[in-house]
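Peer 1: Sequence first, predicted model second:
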Amino acid sequence: MSTRFADQVPFSELMRKQSEVADKAAHGKGVLLRRRNEEDLVLMSAAQAESTASGFSVASRMFVSLMKHDAGARELLMVLPDVFPWVRYLPEEDVREFLVELVQTIHACDDLENLAPLQTAVAAWRSTAEVYADPKLRAALTEGELDDHGQVEVC
């Protein structure tokens with residue numbers, strides 16, 4: 001069970017035991033509602049959701065502030081491999097670029113109140129690190145001419 005949530009229950013249990021499930025959500029860290037053939041949902045109190053959003057906003061503002069100072073930016077660069085171990089495979093210039101994009105994306109996500117772009121940015125940089133980590137893959141992508149095979153059809 002994930003430690004992020006107080007409990008996990010099938011979505012159908014919410015329908016059968018609304019009060020019990022709601023009480024778990026209201027007094028804990030939220031309840032993960034498992035759904036068959038659909039994306040899982042999280043039920044939590046409004047106060048918990050607000051607290052989570054507020055915490056993200058504070059962290060966002062701190063990172064932006066740190067990036068405005070050379071010493072802060074250096075510190076963030078130093079701890080980046082602790083948070084994202086795969087950055088060790090990126091060239092130094094790319095690590096710096098990733099950090100800048102990461103902080104800018106966090107700040108924009110806070111403003112939009114939408115974390116989806118953050119996940120996309122991190123996944124893209126992680127994929128780049130995977131290419132640098134695999135010499136065969138890197139060679140295949142960087143050596144020789146890459147032919148344009150035309151427009152990709154959407155199925």
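Peer 2: Nice, I can see it.
Peer 1: give me every residue that touches Val100.
Peer 2: Shown in contact with Val100 (CB atoms under 8 Å, 6 or more residues apart in numbering): Met67. (C-beta placed from N, C-alpha, C; glycine too.)
Peer 1: Tell me if it really is in a strand.
Peer 2: No - Val100 is assigned helix when assessed by DSSP: H, G, I helix; E, B strand; the rest coil, not a strand.
Peer 1: Distance-wise, check it relative to Thr128.
Peer 2: Look at Val100 and Thr128: by CB to CB, to the nearest Å, they are 14 Å apart.
Peer 1: hey, where'd the strands end up in this structure?
Peer 2: Secondary structure of the chain (DSSP state E): strands at 7-10, 31-34, 41-43.
Peer 1: I'd like the ones you listed as CSV, with distance to Gln119 and mean pLDDT appended.
Peer 2: CSV is the format used below for the strands of the chain (distance: least, CB to CB, whole Å; pLDDT from 0 to 100):
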stretch, distance to Gln119, mean pLDDT
strand 7-10, 21, 86
strand 31-34, 18, 90
strand 41-43, 16, 90
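Peer 1: Figure out which of those strands is closest to Leu66.
Peer 2: Closest approach to Leu66 among the strands of the chain is made by strand 41-43 (29.9 Å; CB to CB).
Peer 1: Tell me the helices and strands packed up against that closest one.
Peer 2: Applying 3 or more CB pairs under 8 Å, 6 or more residues apart in numbering; DSSP states H and E, one finds that strand 41-43 contacts helix 18-27, strand 31-34.
Peer 1: among the ones you listed, which gets the worst mean confidence?
Peer 2: When the helices and strands packed on strand 41-43 are ranked by mean pLDDT, helix 18-27 comes last with a mean of 85.
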